[in-house]
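>>> Task: produce atomic coordinates for the following.
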Amino acid sequence: MPAKLKTAVLGASGYSGLELTRILERHPRLEKPVLLRREGGTDGPTDLAEVFPELSGNGGYPLRSLSWPELKRQGVQLLFLATPHEASRSLVPEAVAQGLRVIDLSGAWRLKQAQHRAIYSFQDADAVTAAELTAKAVYGLPELNSDRIASAQLVANPGCYATSVILALAPLLKAKLIDRSHGIISDSKSGVSGAGKSPTSRTHFISVADNLSAYAVFHHRHLGEMVEQLELDDGDLTFTPHLLPIPRGILSTLYVRLNRATKEAEVESCLRDFYAGKHWCAYSRLRNCRSCSFRCTRTTAISVFVWQRMASGWYWFPAWTIC
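The predicted structure follows:
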């Protein structure tokens, strides 16, 4: 049996960091991860259970400050960054210089094109190194890039909205079934935890409870990911995100026009063939579903596609991502 991989999680006290820690803890091929906090010094929490009391009594989850020599001493080979975009942008060059492989959960390294990356307003200390890392970063969507992820030094995990939209559209675009001249519409909705743990006026209870709101219309950060990964032109996709008063989960309803008369069996075959062997994706005809709904549960991400042809000739694809 091969030796177990030693990992570390920086930002374990955030929402993404907590879920990642839970996954790594039970993975059979990994050692127990080293958990790191972004706060330096000795003033921060020393155990993850201090931040998330529900973890109490499970053997302890010690939190340490980041130290490159200490990570090397403990034999860490793979570093996960569950940190804000700006922090990841500065930390990745340091981690790579230390010989670590990195999986970054932020948007810092997802985008190849400068016009899409501009929304983050990054100020790189070393522009040459940043450009090199941007070029070599692999977009971490296994259904599209599993062959490259396995050997990548830097993996840029996809955004939540982007995951739901890309997975629903990729099979149809690869098969050249979509008439892009009619445009593609994505009506997407997200739970509040997708905005991160830091409170804002938009995610305050009084703003979210019993409410539904659109935000970042025409300039959401995930739009560039969708366009780049699906090889679309910027004007091909109309994406409108909404905030729901629920903790977590994504529902993206996509409307596409096919470029020729297509039997439903061909659409079904397109989805089935594209996702054959992809265990985290499932699809179904609408008539096989009792309701177009989902409950947000603490599960590993899974995408489910439900599709139906409309009388107008458009196809309707709700896509869930439970994360």
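>>> Count the neighbours of residue 82 for me.
27 (other Cβ atoms under 10 Å). No exception for glycine: its C-beta is placed from N, CA and C like everyone else's.
>>> Please disregard the earlier target; I meant residue 188.
Using other Cβ under 10 Å, residue 188 has 23 neighbouring residues.
>>> pretty sure it is in a strand, no?
Yes - assigned with DSSP: H, G, I helix; E, B strand; the rest coil, residue 188 falls within a strand.
>>> If it is in a bridge, with which residues?
Beta-bridge partners of residue 188, counted by DSSP bridges, are residue 241, residue 252.
>>> Surely it touches residue 240?
Yes - using Cβ atoms under 8 Å, residue 188 makes contact with residue 240 at a distance of 6.8 Å.
>>> after the helix or strand where residue 95 lies comes which helix or strand?
Element membership for residue 95 (DSSP states H and E) is helix 85-97. If you walk from helix 85-97 toward the C-terminus, the next helix or strand you reach (DSSP H and E) is strand 101-104.
>>> Let's verify the residue located most distally from the centre of the chain: helix, strand, or coil?
The C-alpha centroid of the chain is most remote from residue 261, which lies 33.9 Å away (Cα atoms, centre = their mean). At residue 261 the chain is in coil, as set by three-state DSSP.
>>> For residue 129, report the pLDDT, please.
As predicted, residue 129 sits at a pLDDT of 97.
>>> swap that for residue 292, sorry
Residue 292 is given a pLDDT of 50.
>>> Then residue 207?
82.
>>> Repeat that for residue 286.
56.
>>> Make 518 the first number, not 1, from now on.
Shifting the count to begin at 518 puts that one at residue 803.
>>> mind listing the helices for the stretch 518-667 of the chain?
Using DSSP state H, counting those that start in this stretch, the helices found in the stretch 518-667 of the chain span residues 532-542, 565-568, 585-590, 602-614, 631-634, 644-653, 659-666.
>>> closest one to residue 700 among those helices?
Closest approach to residue 700 among the helices of the stretch 518-667 of the chain is made by helix 631-634 (18.7 Å; Cβ to Cβ).
>>> That'll do, ta.
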